[in-house]
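J.: make a model of this:
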Amino acid sequence: MFSLHSAQRFRAVLTGVALTGLAVTAAPGLASAAPASAPSRHATRVSAVDAIEDGAARSLALSLGDSAWRHQVADALSQGKAVGLRGLTAGSATKGAAGLGAHIAKADRQVADAKGLGADTGSLLRARLVGAAVDGVEPLVASSPSDDNATAVVAYDSTGKAYDLAADRAPDRPVILVDVDTDKATEAGMMVLRQELAAAGLQAPVSAPVNTAAAATGFWTTRVTAVTVKDVQEPWFKGSAEIFDLVTGFGLDGKVRVDTVTMPYLDDANKTYYPNQILVNWSLYKYNLADVVMMEDDGDTNYSSLAKALAAVLLTITDQGAYIPLVNAVIDAMPSSWWTDDPDYVESWYTLATTTTGTRTGASGNGTMTFDRYWVSAL
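T.: Okay, the predicted model is just below:
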């Protein structure tokens, strides 16, 4: 699946939205909030993170029965920015927040575990407002499904009643979406990836080069001067996704090497960014060729499982005295269930060389990057 999720895409809708008149009332014309039926609620894949988010969303909805807490949540979300749920509950003395706080703290720990992150990762669940406010209408609370192909999004009101929201169009009533802080999760996930890849021998320490005098002067890199990913019309319930690259080649020890590079700035599709970011450090590789696989985490990626899957496949590849492209091996390492949305494959670039410059479109035609050679001088 080729996708790019962007919270910024919804900012025009969210800016200036305020939750007013939050009494529990039924309003006519809100066809997108139909009562949920059992078949539609189970029509799409439910991952561990999906289930945890859904439970947190229902608990948040029930807590909004406390009017004082409801108004505090309304104020916190009225500017359209995502707010961490643990911090939101900790900062309130209301009855609703007190009842919700323990559930959110437990859910945060469960999300970290499901994503293969450490127990010290901290708060990961957050809430944001989607959709225009309607006077006299209480917001529903939903979680963001990890499946882009979901046909309905299950939401709850403050009595716990479930509704199906149409997944193919933005809701016409305010909806509070509960999802994972992918910025924070990806930062922690990259640490897990690096640690586990190193432990598996896929990020071996750099050996001393033969020409130590030349190495002391610096090293050549491939730098990304521009990057664009195409728009694929993401559903309204998707928030921001973190883009990361797996750079693969053969290390100086002759074994397959995997390095990770994050692109946190890459928020909007069909927009060109100019990061001047180093992608490949050629001093780490035996050959003058490397491959790049671009992926994204929109909340459901288990980084520990990803590292183990990569190691299981890549450690079977041996140096034959010439460069072997590794993109297919990386893709083959992904369990078939992950291709639903966990993590998403975005694009790949085969056989980048130390001399590669100019703009190159990826193998799937979904993204382009412009490269130049960049010399990093030693201090």
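
J.: C-alpha from now on. contacts and neighbour counts both.
T.: OK.

J.: disregarding residues adjacent in the polypeptide, which is nearest to L284?
T.: G251 (5.9 Å; C-alpha to C-alpha, 6 or more residues apart in numbering).

J.: now K271. Nearest residue, chain neighbours left out?
T.: Per C-alpha to C-alpha, 6+ apart, closest to K271 is T228, 5.8 Å.

J.: please save the CA atoms from the helix or strand containing the one you found in CSV.
T.: Element membership of T228 [criterion: DSSP states H and E] is strand 218-229. These are the backbone C-alpha positions of strand 218-229, laid out as CSV (Å, rounded to 0.1, in the frame of the first residue of the first chain):
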residue,chain,number,x,y,z
GLY,A,218,36.3,12.9,6.1
PHE,A,219,33.9,10.8,4.0
TRP,A,220,31.5,11.0,1.1
THR,A,221,27.7,10.8,1.6
THR,A,222,24.6,10.9,-0.6
ARG,A,223,22.4,13.7,0.5
VAL,A,224,18.7,14.2,-0.2
THR,A,225,18.1,17.8,-1.4
ALA,A,226,14.4,17.3,-2.4
VAL,A,227,11.8,14.7,-1.7
THR,A,228,8.1,14.3,-2.8
VAL,A,229,5.5,11.6,-2.3
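
J.: tell me what that strand is packed against?
T.: strand 277-281, strand 367-377 (3 or more C-alpha pairs under 8 Å, 6 or more residues apart in numbering; DSSP states H and E).

J.: flag every buried residue along it.
T.: For strand 218-229, a neighbour-count test (16 or more other C-alpha atoms under 10 Å) marks F219, W220, T221, T222, R223, V224, T225, A226, V227, T228, V229 as buried.

J.: which one of those is nearest D168?
T.: Closest approach between the buried residues of strand 218-229 and D168, by C-alpha to C-alpha: V229, at 21.6 Å.

J.: doesn't N270 make contact with that closest one?
T.: Yes. With contacts counted by C-alpha atoms under 8 Å, V229 reaches N270, the gap being 5.7 Å.

J.: follow-up on the earlier one: export the buried residues of strand 218-229 as JSON lines, with columns for distance to D183 and pLDDT.
T.: Shown next, in JSON lines, are these (distance: C-alpha to C-alpha, whole Å; pLDDT from 0 to 100):
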{"residue": "F219", "distance to D183": "30", "pLDDT": "92"}
{"residue": "W220", "distance to D183": "29", "pLDDT": "94"}
{"residue": "T221", "distance to D183": "26", "pLDDT": "96"}
{"residue": "T222", "distance to D183": "25", "pLDDT": "97"}
{"residue": "R223", "distance to D183": "23", "pLDDT": "98"}
{"residue": "V224", "distance to D183": "21", "pLDDT": "98"}
{"residue": "T225", "distance to D183": "22", "pLDDT": "98"}
{"residue": "A226", "distance to D183": "21", "pLDDT": "98"}
{"residue": "V227", "distance to D183": "19", "pLDDT": "97"}
{"residue": "T228", "distance to D183": "19", "pLDDT": "95"}
{"residue": "V229", "distance to D183": "19", "pLDDT": "92"}
